[in-house]
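Peer 1: need a structure here:
(4 chains)
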2 protein chains.
Amino acid sequence: MADDQLSRVFAALADPTRRDIVARLAVGDATVGELAEPYDVSVQAVSKHIKVLADAGLVTQRRDAQRRPCHLEAEVFDLMTKWIERYRAKAQERYERLDAVLAEMQGDEHPTLPHPGHARGEAS
Amino acid sequence: MADDQLSRVFAALADPTRRDIVARLAVGDATVGELAEPYDVSVQAVSKHIKVLADAGLVTQRRDAQRRPCHLEAEVFDLMTKWIERYRAKAQERYERLDAVLAEMQGDEHPTLPHPGHARGEAS
DNA sequence: TTCGTATTCAACCAGTGAGTTGATCAAGGA
DNA sequence: TCCTTGATCAACTCACTGGTTGAATACGAA
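Peer 2: Here you go, the predicted structure:
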């Protein structure tokens, strides 16, 4: 996997168990043991999942005696949302522009352009 | 990786090269060869990347002679956005509720509850 | 038909991810 | 102090991913 944060966040959420953990942390903080309970995998495995989420910046852990309660950091979601929104909006706009072109072609004589032409975009 | 669509979409976007491809498809359709050009990997590798994006439902390919132009499907973004928004909102709300609790505790005598209690959440 | 172009398929390799078990560390309670 | 609990570390396995090269496929052009 790549080492930039956006890649880590997407990769972290590509696992259903980790998404489930995030879902549960959204309603309230929880310890590793509590989080591990509903799954039939070892506590160590869940601990690893939490490490992945932490490396992505999605959760933080404070210290409470021998417990390490996990807390969801909602701000990191914005990173994803911004990325997604940037390109979703552009694609959507392009889609609507195509609609307009097709509408304009309605009474036209030379129905060229099955799709609008393409160009080069900037990086991630 | 898990086999549900949400997992496939997140996993697909966890790779910077694939995010870059998506970024470029957002401005317009392009063939595999055109997409491969800027990278110093083989065309086959890019073809594989596109397959991953296609399996996630993020791109479709039509047929034009020996070319297979790729098209970005913006709707799938909504799947992610909805998931993210669901939990981001919940975590945000909880964060603000905590603020309110702290504010209420301002003139209080028994400053219990360093964090609000936790409960169990529903699945992904 | 033959050639060239665009793309995918197949087989392989190195690296990584998710899981395991066993040991270790840190903190409270007897 | 010794024991129990909560969590992580270490080492290992197995499957998958991203890359490679070489062959096959699907067209259009000569």
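
Peer 1: buried ones in the lowest-mean-pLDDT helix or strand in chain A?
Peer 2: Of all helical and strand segments in chain A, the minimum by mean pLDDT, DSSP states H and E falls on helix A:75-105, at a mean of 84. With burial defined by 16 or more other CB atoms under 10 Å in any protein chain shown, the residues of helix A:75-105 counted as buried are A:76-77, A:79-81, A:83-84, A:87-88, A:90-91, A:94. C-beta here means a position set from N, CA and C on the backbone, and glycine is covered the same way.

Peer 1: quick check, nearest of the residues you listed to residue B:48?
Peer 2: For the buried residues of helix A:75-105, the residue nearest residue B:48 by CB to CB is residue A:87; the value is 21.0 Å.

Peer 1: Give me the phi and psi for residue A:3.
Peer 2: Dihedral angles of residue A:3 (phi, psi; degrees, to the nearest 10) stand at phi -100, psi 0.

Peer 1: how near is it to DNA strand D?
Peer 2: Distance, residue A:3 to DNA strand D, by CB to the nearest atom of the strand, to the nearest Å: 13 Å.

Peer 1: export the buried residues of helix A:75-105 to TSV and tack on distance to chain B?
Peer 2: Formatted as TSV, these follow (distance: CB to the nearest CB, whole Å):
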residue	distance to chain B
A:76	9
A:77	4
A:79	10
A:80	6
A:81	6
A:83	7
A:84	5
A:87	4
A:88	4
A:90	4
A:91	4
A:94	7
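
Peer 1: what's the farthest-apart pair in these?
Peer 2: For the buried residues of helix A:75-105, and using CB to CB, no pair is farther apart than A:76 and A:94, which are 28.6 Å apart.

Peer 1: now the angle between helix B:75-105 and the least confident helix or strand of chain A, please.
Peer 2: On the basis of axes from the mean of the first three to the mean of the last three CA atoms, to 10 degrees, helix A:75-105 is oriented at 140 degrees to helix B:75-105.

Peer 1: what helices or strands is helix A:75-105 leaning on?
Peer 2: helix A:5-13, helix B:16-27, helix B:75-105 (3 or more CB pairs under 8 Å, 6 or more residues apart in numbering or on different chains; DSSP states H and E).

Peer 1: mind running it again at 10 Å?
Peer 2: When contacts are defined as 3 or more CB pairs under 10 Å, 6 or more residues apart in numbering or on different chains; DSSP states H and E, helix A:75-105 sits against helix A:5-13, helix B:5-13, helix B:16-27, strand B:70-72, helix B:75-105.

Peer 1: Of the ones you listed, give the one that comes closest to DNA strand D.
Peer 2: DNA strand D sits nearest to helix B:16-27 of all these, at 5.5 Å, using CB to the nearest atom of the strand.
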